[in-house]
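S.K.: A structural model of the following input is requested.
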Amino acid sequence: MDPEINRALHDLGIELQIIESLLRDFASKKDPDHQLTFWIQYVRDQAYAMEDVLDLFKLHQEKPWRYFLSLHPIDNLINDIEGSLNRIERTKNWYSTMTFNSTDHPVIVAPPFNGNNVDPVGFEEPTEKLTSWASEEKQRAEVMFVVGMAGSGKTTLVRSLYERVKEHFDCHVWITASKSKTTLDILTLLVEKFGCPITQRDDVVSLTHKLQEALLLAKRYVIVLDDLWVKEVWEYVKLALPDGRNSRIIITTRRGDIANSCRDGDSIVIHKIQPLSPERAAQLFYLKAFSGTGRCPSGLEEVSKSIIQKCDGLPLGIIEIGRFLSNKSPTRNQWKIFHDSLECELESNGELSHIVKVLSASYKDLPYHLKYCFLYMSIFPENYPVKRRRLVRLWIAEGFVIEKRSKTLEEVGEEYLEELIDRNLIKANELDFDGLPKSVGVHSLMLMMIISIAHEENFCTVCTGGAPRNLTRNTRRLSIQKQDFEVSQPLPRVRSFFSFGIAKIKIDSDFKLLNVLDIQGTPLEEFPSAITKLLLLLRYLSLRKTNIKSIPSSLSHLRQLETLDLKQTLVTRVPKAVLQLEKLRHLLVYRYNYMEGVPPFDIVQGFKAPMRISELKNLQTLSFVKASVQHRMSRHLRMIQGLGNLTQLRKLGVVELAKEDGANLCHSIGKMPNLHSLSVTSLSMDVPLELDAMTYNPPAFLQRLYLKGTLQKFPSWISSLYGLMKIGLKWSSLAENLIPALQNLPHLVELQLLDAYSGTQLEFKSGKFPQLKILDLQQLEQLSSIVMEECTLPCLQKLIIGQCSKLVDIPRGIDNLIHLQMLVLYDMPDPFVTRLRRNGGPLRSSVQHIPCIHSYKQGVLEVLEGS
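M.R.: Numbers count the residues shown, from 1 in each chain. Next up, the predicted model:
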């Protein structure tokens, strides 16, 4: 290679780091004017161009023998960029001076409380709950953080509470602690409110002492800090607070991460604001849109419902949009026009731009490394559940996740997601048993905001209905959410391509810089050859839920690949070519063999792996690999033994394990110190799992364990896995009672037993299973009695009992499970169900405390709860 080009590329890499630091500095500035915004975008475009050049060179290095890329275009691009960098350097100081001399504008917040302007709809129950908390006699000062996303009604709720209770305290103070105020400003306001003199020489320390003296004189006080943004403010206020008898401090914040970090005992509680229910949201909307009657006129029901759904239970959006529509003609045509142009109305010059200004304050407050992670949610359609692990892997593929010592990129990415959830920017959907979200999403109005920002910053282009718009040669990420998408113009800079249910796509040489290709759900029948011919920089490839049946050996060309997701495809074998993907971290090749009724033993269909799969030393996820004889006997044995070399594995799934291979698998698993999840299925229902050989070195950090197949005896090493949170045992057919072996696991949250026990009685002793929340007992054919002693299963929330044909009595002691929220029955004997029915069930009183009782008989639901 020309040494001058080599040196220029090295210098370009350094310049890119400098440019990124410059962008990071400018991103921390608030509300730049139009000139500065334009200049920042110009700098960002040059950073993109530099990334492109560096990746073009990487493409040249990664090319297979048949692929040729001239270095001359790279040389020309470098020259163009050097000219742009000179322009940036000439203007940088001028723009920096303009920025540093500018003053920050106050953060826009939701409309403040104003006399009788409180909208009580939807806040009645939390207001009563908080009033009870504030009025309860305590011997110490109690603190409550009221947390919720922007516009969720935090201030409205707390002001209503404050007005109710303030007269019952000797002293009451309300301070707005907005982000534009410093700690010194807020302490000054507090001290002034308590009537203490202020001098120009007062600093944070002296003001803290004055506040402490003032509060000592007040017997009982209630203080509200509204709209807290900085933890330091609370730290200083806390130092000044004496342990006043029966006093209250209430703090509202959209920063749940601050609230969580301040929780240091039971004297601090966190109340999370919930979105309004659909019924309450509709009631509030109609009150604002039709103030005369509060009822929706005939003909507007459908469009009104759609508008309310877009508000997603957010009071700010409901109220502002309702008020706006109250001034519009109540005709279906007018409202339909508004509905279809809502995104435009929310933009900077729109009639409802105030909503976005309130919401965007949370985005602007993000640290630089989290802004792109949050903007990434603009890629996904409205109300689309984004799987947690998928999102983190995508962030890693995009290079958004910064390495931290002693942590994997996935662990750091999980921390990023947790912070975005705590900041009430990303919302957790259904939670898993361990409290982590299975999937996440964003509020509908927030999505509109970040789509607009993503477009302005050339971060992502979203194509929905109609002809593609806003596509340019500089488009970086493309999200296709429409049918039959075809590109009629070159897109040489696209880095990420997503499709959501489109019928066909076309991959050509324009996509050569692609890092992410996620086209799950596309009706593909064959692996697209263009992927391995052209997309040599791919780091993330998902063909999940397609109909492809095989993978070509040219897969070896994708040497940058980190994630290969072929879940729910028809692929049953991975070629040896995968062994050349040294950077591969996640290999998912399996599908579920769904059937109506009882799930079959072989519900998980895995894949045949190359014998030397253990050469992929960076693998963290491997599921589900077939352990059945797929090579000559000696080679097959080497494959199972070789799994022990995968010391970075966090998740391992093995199917079709022969009895004689159990010991070798145990020895391999014992060499995986980081394993968190393990699933092992035997060769068939009649073939036992031999897993006793793991007694001396079980994976200490295992959290999830799934065993499917006959167990001749319960593996004793399971009892030593104190970090276990979920255990699923299916078709184990154990004669011995396994409850004593599991009852002392301190962190066990979910236990599933399906045809796992052939005994007649299960007994849950007092004080055992201290953290168990979900107990699932199914197909225990000989079971005739369940005994639950007093003080057992203290945290149980959900109990599932199904197809236990000899169990005719409800569990004895079920009335002691005071936290049980749900009892679900599947195909249980009629005498069992009859005893629980509302009218005349002799054991009805024992389950009266359970809010939800559902019984399914051959798929037909009978609701048994209620009085």
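S.K.: List phi and psi for residue 728.
M.R.: Backbone torsions for residue 728, taken as degrees, to the nearest 10, come to phi -120, psi 120.
S.K.: Measure how buried it is and give me the count.
M.R.: For residue 728, the neighbour count with other C-beta atoms under 10 Å is 17. Placement of C-beta: from N, CA and C, glycine included.
S.K.: beta partners of it?
M.R.: residue 706, residue 752 (DSSP bridges).
S.K.: Going by residue numbers, what spans are strands in the stretch 751-867 of the chain?
M.R.: Listed in chain order, the strands of the stretch 751-867 of the chain (DSSP state E, counting those that start in this stretch) span residues 761-764, 774-778, 785-788, 798-802, 822-826, 852-857, 860-863.
S.K.: All the helices of the stretch 201-350 of the chain, residue numbers only.
M.R.: Here the stretch 201-350 of the chain has its helices, by DSSP state H, counting those that start in this stretch, at 204-217, 231-240, 256-262, 278-289, 301-311, 315-326, 332-340, 342-346.
S.K.: which one of those helices lies closest to residue 163?
M.R.: Closest approach to residue 163 among the helices of the stretch 201-350 of the chain (C-beta to C-beta): helix 315-326, 18.0 Å.
S.K.: what inclination does the closest one have with respect to helix 332-340?
M.R.: Our comparison of helix 315-326 with helix 332-340, counting by axes from the mean of the first three to the mean of the last three C-alpha atoms, to 10 degrees, yields an angle of 150 degrees.
S.K.: got the angle between helix 315-326 and helix 301-311?
M.R.: With the same axes, to 10 degrees applied, the angle from helix 315-326 to helix 301-311 works out at 150 degrees.
S.K.: secondary structure element for the residue nearest the centre of the chain?
M.R.: The C-alpha lying nearest the average C-alpha coordinate of the chain belongs to residue 440 (C-alpha atoms, centre = their mean; 4.1 Å). Using DSSP states H and E, residue 440 falls within strand 439-441.
S.K.: what pLDDT, on average, does that strand get?
M.R.: The average pLDDT for strand 439-441 rounds to 95.
S.K.: Paired strands for it, with orientation please.
M.R.: strand 386-387 (antiparallel), strand 427-428 (antiparallel).
S.K.: which stretch among the ones you listed comes nearest residue 481?
M.R.: Residue 481 sits nearest to strand 386-387 of all the strands paired with strand 439-441, at 13.7 Å, using C-beta to C-beta.
S.K.: so who does the closest residue to residue 528 other than its chain neighbours touch?
M.R.: Once flanking residues are discounted, residue 528 sits nearest to residue 507: 5.8 Å by C-beta to C-beta, 6 or more residues apart in numbering. Listed by C-beta atoms under 8 Å, 6 or more residues apart in numbering, the contact set of residue 507 reads 517, 528, 530-531, 534-535.
S.K.: repeat that with 7 Å
M.R.: Residue 507 makes contact with 528, 530-531, 534 under the criterion C-beta atoms under 7 Å, 6 or more residues apart in numbering.
S.K.: Residue 722 now?
M.R.: Residue 722 neighbours (C-beta under 7 Å, 6+ apart): 745-747.
S.K.: Counting neighbours, which of the residues you listed comes out on top?
M.R.: Neighbour tally across those (other C-beta under 10 Å): the maximum, 23 neighbours, falls on residue 745.
S.K.: how would you label that one: helix, strand or coil?
M.R.: Following DSSP: H, G, I helix; E, B strand; the rest coil, residue 745 is assigned to coil.
S.K.: give me the element the nearest residue to it once chain neighbours are set aside is part of.
M.R.: Closest residue to residue 745 apart from its sequence neighbours, by C-beta to C-beta, 6+ apart: residue 724 at 5.4 Å. Using DSSP H and E, residue 724 maps to neither a helix nor a strand.
S.K.: Show the pLDDT at residue 724.
M.R.: For residue 724, the model assigns a pLDDT of 96.
S.K.: Please look at it and residue 706 and confirm they touch.
M.R.: No - if you go by C-beta atoms under 7 Å, residue 724 and residue 706 don't touch, sitting 11.3 Å apart.
S.K.: Distance check, residue 614 against residue 477.
M.R.: Distance from residue 614 to residue 477, counting by C-beta to C-beta, to the nearest Å: 35 Å.
S.K.: now do residue 516
M.R.: Distance, residue 516 to residue 477, using C-beta to C-beta: 8 Å.
S.K.: where do the contact lists of those two overlap?
M.R.: Taking C-beta under 7 Å, 6+ apart as the contact rule, residue 516 and residue 477 both touch 495-496.
S.K.: just checking, next helix/strand downstream of the helix or strand of the chain with the lowest mean pLDDT?
M.R.: When the helices and strands of the chain are compared on mean pLDDT, DSSP states H and E, helix 72-100 comes out lowest with a mean of 64. Counting by DSSP H and E, the next helix or strand C-terminal to helix 72-100 is helix 124-135.
S.K.: Can you tell me which of the contacts of residue 507 are buried?
M.R.: Neighbour-count burial (16 or more other C-beta atoms under 10 Å) is assigned, among the contacts of residue 507, to 528, 531, 534.
S.K.: Take those residues and keep only those in helices.
M.R.: Here DSSP state H is the test, and those give 531, 534 as lying in helices.
S.K.: so can I have a markdown table of the buried ones among the contacts of residue 507 showing distance to residue 862 and pLDDT?
M.R.: Formatted as a markdown table, the buried ones among the contacts of residue 507 follow (distance: C-beta to C-beta, whole Å; pLDDT from 0 to 100):
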| residue | distance to residue 862 | pLDDT |
| --- | --- | --- |
| 528 | 49 | 88 |
| 531 | 51 | 89 |
| 534 | 57 | 81 |
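S.K.: Distance to residue 324 added to the buried ones among the contacts of residue 507, as JSON lines?
M.R.: Formatted as JSON lines, the buried ones among the contacts of residue 507 follow (distance: C-beta to C-beta, whole Å):
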{"residue": "528", "distance to residue 324": "47"}
{"residue": "531", "distance to residue 324": "48"}
{"residue": "534", "distance to residue 324": "49"}
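S.K.: and which of the buried ones among the contacts of residue 507 is nearest residue 174?
M.R.: Proximity of those to residue 174 (C-beta to C-beta) peaks at residue 531, which lies at 60.2 Å.
S.K.: For residue 590, which of the strands paired with strand 439-441 is the nearest?
M.R.: Comparing those under C-beta to C-beta, the one sitting nearest is strand 386-387, at 15.3 Å.
S.K.: Now find how far off-centre that closest one is within its chain.
M.R.: Averaging C-alpha positions (C-alpha atoms, centre = their mean, to the nearest Å) puts strand 386-387 7 Å from its chain's average.
S.K.: Can you give the contact residues for it?
M.R.: Contacts with strand 386-387, where a contact means C-beta under 7 Å, 6+ apart, come from 380, 439-441.
S.K.: just checking, what packs against the next helix or strand after that strand?
M.R.: Next along the chain after strand 386-387, taking DSSP H and E as the criterion, comes helix 388-398. The elements that helix 388-398 packs onto, with contact taken as 3 or more C-beta pairs under 7 Å, 6 or more residues apart in numbering; DSSP states H and E, are helix 409-422, strand 439-441, strand 516-518, strand 540-542.
S.K.: Residue 847: which of those is closest?
M.R.: Closest to residue 847 of the helices and strands packed on helix 388-398, according to C-beta to C-beta: strand 439-441, at 31.8 Å.
S.K.: Output the contacting helices and strands for whichever helix or strand comes after that closest one.
M.R.: Remark: after strand 439-441, the chain's next helix or strand is helix 444-456, criterion DSSP H and E. Helices and strands touching helix 444-456, by 3+ C-beta pairs under 7 Å, 6+ apart, are helix 301-311, helix 342-346, helix 353-364, helix 368-375.
S.K.: Go through the last one and flag the buried ones.
M.R.: Taking 16+ other C-beta under 10 Å as the neighbour-count basis, helix 368-375 is seen to contain the buried residues 370-375.
S.K.: Quick check: phi and psi on residue 613?
M.R.: Given degrees, to the nearest 10, the pair of backbone angles that residue 613 has is phi -60, psi -20.
S.K.: returning to what we had before: so which of the helices and strands packed on helix 388-398 is nearest residue 364?
M.R.: Nearest to residue 364 among those is helix 409-422 (14.1 Å), distances taken as C-beta to C-beta.
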